[in-house]
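S.K.: quick one: sequence and predicted model below, then my questions.
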Amino acid sequence: MITSPQPGLTYSLRAAALGKESLPLSAVTDADARQLFWFVNDRLVGRAKTGEPFFWKPQPGDFIVRVVDDQERADARDIHIAVVE
């Protein structure tokens, strides 16, 4: 269901742009879903209509990104965010 972020990748943030860069979170859903709810480490960070990405401004670290649609179907993925110069 989650199409971004990709599994097994380390995402890099530029130190000079920390807090300004966004990571698009996106998912594919069944046709009956209308809205997606995005969670990072069990905290709701935003929502988006199906077919539209949600842009999350991450900080460095390890996170569990989870999406739940309005039909209560869910998917999750572990991601790592690193800072580069």
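M.R.: Received it, and whenever you're ready, just let me know what you need.
S.K.: what about the strands in the protein?
M.R.: For the chain, applying DSSP state E gives strands covering 2-4, 10-14, 23-27, 35-40, 43-49, 54-56, 61-69, 74-84.
S.K.: got a markdown table for those strands, with mean neighbour count and mean pLDDT too?
M.R.: C-beta coordinates here come from the backbone N, C-alpha and C atoms, glycine included. Putting the strands of the chain into a markdown table (neighbours: other C-beta atoms under 10 Å; pLDDT from 0 to 100) gives the following:
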| stretch | mean neighbour count | mean pLDDT |
| --- | --- | --- |
| strand 2-4 | 16 | 98 |
| strand 10-14 | 13 | 94 |
| strand 23-27 | 20 | 97 |
| strand 35-40 | 19 | 98 |
| strand 43-49 | 13 | 98 |
| strand 54-56 | 17 | 98 |
| strand 61-69 | 18 | 98 |
| strand 74-84 | 14 | 96 |
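S.K.: pull the contacting residues for Tyr11.
M.R.: Shown here is Tyr11, whose contacts under the criterion C-beta atoms under 8 Å, 6 or more residues apart in numbering are 5, 23, 58, 79-82.
S.K.: what about it, distance to Pro5?
M.R.: Counting by C-beta to C-beta, to the nearest Å, the gap from Tyr11 to Pro5 is 6 Å.
S.K.: overlap of the contact sets of the two?
M.R.: Residues touching both Tyr11 and Pro5 (C-beta under 8 Å, 6+ apart): 23, 79.
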